[in-house]
Structure formats: structure tokens, C-alpha cells
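> quick one, what's the 3D model for this:
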Amino acid sequence: MTGPRGRQARRVALPRAPVADAAQLLAGSTPLYVTVATELAAAILDGRRPVGTLLPTEQELCQSFGVSRSTVRQALRRLAELGLVAGAQGVGTRVIADQPRGQYVLAIRSVTDVMGYAERARLDIRTRSSVTADAALAARLGCEPGSRWIHVAGLRRPAGGRDTVIAICDLYVAEQFRDVAESDDLAATPAYRLIAGRRGIAVEAVEQVIGAITLDAAQAEVLGVAPGSPGLHIRRQFFTAAGMLIEATTNIHAAADQFVYTLRLGAPGEG
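Model (predicted):
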């Protein structure tokens with residue numbers, strides 16, 4: 001496995017109750033049309049503009065966002081490219097999907113969403129095994145050498161039966177929570193939530209490291225891209241209030257058209 005490069009780490013303290021924030025679909029530079037597309041996409045992704053409904057007219061969008069008609073048209077064109085909307089002359093622009101075509105968007109709507117995937121993803125579990133962390137694994141997970149873990153290896157796929165692979169996933173659960181790691185519920189529910197529900201031990205903080213990698217031949221084959229393609233390596237560590245690491249995950253994604261990770265959090269003081 002190629003290690004992450006150019007890492008950016010952060011620890012997010014969780015609020016007592018999730019603060020709902022709009023999803024942000026598009027990353028990078030933010031010209032006006034991207035801002036408009038982002039806000040419209042957020043409303044589609046979180047159900048405020050359901051599939052089958054019409055978006056406001058171009059004139060209404062111009063007035064709402066305070067932008068020109070050309071900016072609105074660029075934004076709608078971007079949403080159409082993603083397969084979210086379709087325009088029809090004399091009718092308007094209709095929402096045709098609540099998930100972009102050909103890619104998985106991990107849209108962060110609240111601080112707690114940083115900890116894992118949306119309900120639209122499921123874990124296709126391939127293997128489970130008991131491991132003792134040697135020096136290399138301890139460095140990779142950020143755990144203590146000699147600590148015991150249940151290693152669950154699998155593939156992240158979109159919920160709903162599609163065969164698309166979102167990510168190659170390696171999940172490590174502290175051995176004291178073996179029942180969670182061996183549970184069939186793990187396919188649909190994150191381990192940290194199962195631990196909280198079954199043991200009453202809540203996660204109070206998560207540390208996430210995202211790095212750019214080059215996919216090797218095996219990784220590329222699973223993710224359906226060419227060997228040597230760019231990818232993302234995401235490691236998450238889940239901590240209790242006492243600082244105990246109870247779960248660590250690594251996920252490898254194909255970049256570009258296959259996966260988009262976006263994050264929008266509230267201003268300081270909002271949680």
C-alpha cells in the first residue's frame with residue numbers, strides 16, 4: 001500500500017447535538033458559478049429539492065444569488081454534467097437524481113459526518129482477522145505497538161445494490177469490541193455507532209488524515225481505473241472522551257471522477 005503524501009491532519013471535537021450544515025459539492029477555487037452550483041447541489045443532496053421538482057427559473061436564481069444570468073447558466077450546466085438536473089425548453093430545469101452520475105460524493109453536512117460515510121454507503125466485508133499491531137501497523141494506525149485489533153477488510157459501495165466500488169477499506173476495531181467487529185450490522189452501521197449503542201461508549205473526537213497517492217495495479221483494478229492513476233488515502237481515528245482509540249480506518253479512493261470529498265463546517269463557535 002502506498003503511503004499518503006502531503007498530509008493534512010485535524011481533530012474535530014464533536015458537539016453534543018449535530019449542527020446541520022448545507023452540503024458542499026464542489027471543491028477548489030470558488031468562482032461565482034461554483035458557489036451557486038454548490039448551494040443548489042446541497043439542496044438536492046439533502047432532499048430539500050426532491051427528485052422530480054423544478055428548480056427556480058434563471059431569473060429567480062439571478063435575483064436570489066445576486067449574480068448574472070451567465071453565472072446561473074454555468075452553474076446549471078455543471079449540475080447537468082453531474083447528472084443531477086436536466087433542462088427542457090419551455091418547462092425549466094428539473095431535478096433528476098439525488099446523487100451525481102459516475103461518482104460518489106462524500107458531502108459533509110455536520111461535524112459528526114466527518115467521522116464516516118453517509119447512509120448511502122455500505123461495507124462489503126471480505127475478511128475478518130485478529131491482529132497484533134507491530135511497529136509498522138502501529139505507525140499506520142496511530143496506535144500502540146502490541147495492541148490487539150480486529151481487522152475487517154472490505155469494499156465501500158453505494159447503498160441500493162450498485163456494484164460501484166467507492167473505496168478499499170481496512171477497518172480496525174479494538175479487540176475489546178470484538179462483538180461489534182464480528183457483527184453483521186457492521187455492513188450498514190459504522191463501528192463507532194455500534195459501540196456507542198451496545199456499550200454506551202461514545203466517540204468524542206475524530207482525527208482525520210488525507211493524503212494523495214498513486215494507485216498500484218491491484219488497487220486500480222478494484223477501483224476500476226488505470227494503474228498509476230491518482231488516488232486519495234484517508235485515515236480516521238476515533239477517540240473517546242478519555243483519549244482511548246477504539247477504531248481506526250483507512251480508505252483508498254480513486255480521485256477525480258470516481259470520488260469527491262467536500263467539507264463545509266460552521267463558523268467558530270457553532271460546534
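> can you tell me the element residue 234 falls in?
Using DSSP states H and E, residue 234 maps to strand 230-239.
> kindly report the same for residue 154.
Here residue 154 is assigned to strand 148-158, by DSSP H and E.
> how far away from the center of its chain is that strand?
Distance of strand 148-158 from the chain centroid (CA atoms, centre = their mean, to the nearest Å) equals 16 Å.
> also stretch 177-186?
Worked out by CA atoms, centre = their mean, stretch 177-186 lies 22 Å from the chain centre.
> ends of it, what's the gap?
The first and final residues of stretch 177-186 sit 12 Å from each other (CA to CA, to the nearest Å).
> same deal with stretch 52-71?
24 Å.
> now the helix or strand following the strand holding residue 234: mean pLDDT?
Per DSSP H and E, the first helix or strand lying C-terminal to strand 230-239 is strand 245-254. For strand 245-254, the mean per-residue pLDDT is 92.
> ok, strand 245-254: who's next to it in the sheet?
strand 167-174 (antiparallel), strand 230-239 (antiparallel) (DSSP bridges).
> that one to strand 148-158, inter-axis angle?
Relative orientation of strand 245-254 versus strand 148-158 (axes from the mean of the first three to the mean of the last three CA atoms, to 10 degrees): 40 degrees.
> quick check, distance from strand 245-254 to the centre of its chain.
Distance, centroid of strand 245-254 to centroid of chain: 11 Å (CA atoms, centre = their mean).
> with stretch 124-137 instead?
22 Å.
> hmm, who's touching that stretch?
For stretch 124-137, the surrounding residues in contact (CB atoms under 8 Å, 6 or more residues apart in numbering) are 141, 143-157, 172, 175, 181-182, 186-187. Yep, even glycine has a C-beta here, placed from its N, CA and C like the rest.
> of those residues, grab the buried ones for PyMOL.
The buried subset of the contacts of stretch 124-137, as determined by 16 or more other CB atoms under 10 Å, is captured in PyMOL by this line:
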select buried, resi 141+143+147+149+150+152+154+155+156+157+172+181+186
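> circling back to that earlier point, now do the strand holding residue 154, average pLDDT.
93.
> that strand packs against which elements?
Contacts defined by 3 or more CB pairs under 8 Å, 6 or more residues apart in numbering; DSSP states H and E place strand 148-158 against strand 121-132, strand 167-174, helix 178-181.
> A helix includes residue 90, no?
No: if the criterion is DSSP: H, G, I helix; E, B strand; the rest coil, then residue 90 is coil and not within a helix.
> what number of residues are in the vicinity of it?
A count of neighbours around residue 90, defined by other CB atoms under 10 Å, yields 4.
> save the helices and strands packed on strand 148-158 as a markdown table, and put in mean pLDDT and distance to residue 255 too.
Below are those laid out as a markdown table (pLDDT from 0 to 100; distance: least, CB to CB, whole Å):
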| stretch | mean pLDDT | distance to residue 255 |
| --- | --- | --- |
| strand 121-132 | 92 | 17 |
| strand 167-174 | 95 | 11 |
| helix 178-181 | 95 | 29 |
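> run through who's touching stretch 57-75.
32-37, 39-40, 55-56, 76, 92.
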